[in-house]
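Peer 1: return a 3D structure for these sequence lines:
(chains A, B, C and D)
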Protein chains: 2
Amino acid sequence: MLKLSKKADYALMALQYMAMVRSGETSPFNPNRIVNTKEIAEEHHIPLELLAKVLQTLAKYDMVESQNGPKGGYLLAREPREISIAQVLEAIEGPLGIADCYHEKDEHAPCEQIEHCNIRTPLLRVQESIFHLLNSMSIEDMMAEPPLIIVESRKTKGVQL
Amino acid sequence: MLKLSKKADYALMALQYMAMVRSGETSPFNPNRIVNTKEIAEEHHIPLELLAKVLQTLAKYDMVESQNGPKGGYLLAREPREISIAQVLEAIEGPLGIADCYHEKDEHAPCEQIEHCNIRTPLLRVQESIFHLLNSMSIEDMMAEPPLIIVESRKTKGVQL
DNA sequence: TCAGTCAAGACTAAAATGGTCGGAGATCCA
DNA sequence: TGGATCTCCGACCATTTTAGTCTTGACTGA
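Peer 2: Down below sits the predicted model:
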């Protein structure tokens, strides 16, 4: 539950990687170098074609710029700090909302339950908190993180930050 | 994205309703009365059979107690404040985790990317925040909320609480 | 021109989700 | 006491979503 889709995972990985490359972290002698789909896919062991599709949508949403031809590839279209996690997730998976109270068939009609819905208001509060959190974090915040070695239990819950 | 499943919605609605009934809010003369699936389904306009299944799993996780036979139904097994939203979601949709870094086939093996995963640590931070939020809210917090009349735009994002 | 790159779409397989059905079990009352 | 009735229960099916693959085409630079 609440798990990110693979595509969203891949998008974040790719953007983080591009941000690292751009900063010169991975290859100090040529920051700003362009990276292509294959490189990212091999680096992270993810299927090439799927990543390609993800990068296409990121390009469509102006988060990366594509360059065609040999030596082509992608680069970040903005500063890493200007790309929020919320923006990435919305680009890949559509508008985010814990409670979106709209009819499935007709975007503009409210859902069947709305007249008798007792949980809407509190859920909207939860939703706003999550939005705020995801909007406040950017790709920059994902850089230079030492990978965790310890695989902690999935039972750890409710830990205060 | 991040949208709750129908089942999760129904579970929360049902629990909130049962909490209201129990408090005497809906029918002052007999609080603690037992309610059956049909009543909840009709009250909220949700399909009976699906709600039934949801209530079954809630019973399995000891959030409600079931009583069979005529005049049977469900009641809350605990105080509303002792049932957190996180518990409900986990009961219905399985363990929650933005990033669960496990192999799909083998629960105990880490996922393919973990060795080269650059986004794990920051995502775990996000995840912990959300866990904390969902654990800190209970069914009690969902009671006595006046329904919102205004249908606000789904474009409102990143609003500070 | 040619090889390497992105772009775009159709297509398939598998999983998750939403929804349905025919019972099994408990209670009530003649 | 025994059946009628009302409830929960668990297996089942249909649809949608997701993940992944494949093909074709267009663009670019050497």
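Peer 1: going forward, measure contacts and count neighbours with C-alpha atoms only.
Peer 2: Noted.
Peer 1: what's stretch A:57-72 in contact with?
Peer 2: A:11, A:34-36, A:55, A:73-78, A:83, A:88, A:91-92 (C-alpha atoms under 8 Å, 6 or more residues apart in numbering or on different chains).
Peer 1: do stretch A:127-142 and chain B meet at all?
Peer 2: Yes. Applying C-alpha under 8 Å from any C-alpha of the partner chain, one finds stretch A:127-142 touching chain B at A:E128, A:S129, A:I130, A:F131, A:H132, A:L133, A:L134, A:N135, A:D141, A:M142.
Peer 1: sort out which of those residues are buried, if you could.
Peer 2: A:E128, A:S129, A:I130, A:F131, A:H132, A:L133, A:L134, A:N135, A:D141, A:M142 (16 or more other C-alpha atoms under 10 Å in any protein chain shown).
Peer 1: next, the second one: secondary structure please.
Peer 2: Here A:S129 takes the helix state, with states given by DSSP: H, G, I helix; E, B strand; the rest coil.
Peer 1: how much space separates A:L58 from chain B?
Peer 2: Using C-alpha to the nearest C-alpha, to the nearest Å, one obtains 16 Å as the distance from A:L58 to chain B.
Peer 1: mind checking how far that residue is from A:A11?
Peer 2: 8 Å (C-alpha to C-alpha, to the nearest Å).
Peer 1: anything in contact with each of those two?
Peer 2: In contact with both A:L58 and A:A11: A:V88, A:I92, using C-alpha under 8 Å, 6+ apart.
Peer 1: which residues touch A:I98?
Peer 2: A:L123, A:L124, A:Q127, B:M1, B:L2, B:K3, B:L4.
Peer 1: first-to-last residue distance for stretch A:24-35?
Peer 2: OK, stretch A:24-35 end separation, C-alpha to C-alpha: 13 Å.
Peer 1: meant to ask about stretch A:19-33
Peer 2: End-to-end for stretch A:19-33, by C-alpha to C-alpha: 11 Å.
Peer 1: starting at the chain centroid, how far to stretch A:42-59?
Peer 2: Counting by C-alpha atoms, centre = their mean, to the nearest Å, stretch A:42-59 is centred 13 Å from the centre of its parent chain.
Peer 1: I meant to write stretch A:88-100 there.
Peer 2: 10 Å.
Peer 1: which positions within it qualify as buried?
Peer 2: In terms of neighbour count (16+ other C-alpha under 10 Å), stretch A:88-100 has its buried residues at A:V88, A:L89, A:A91, A:I92, A:P95, A:L96, A:G97, A:I98, A:A99, A:D100.
Peer 1: for chain A, just list every one of the strands.
Peer 2: Counting by DSSP state E, chain A has these strands, from start to end: A:64-67, A:73-76.
Peer 1: B:E49: which of the ones you listed is closest?
Peer 2: Among these, strand A:64-67 comes nearest to B:E49, with 46.7 Å by C-alpha to C-alpha.
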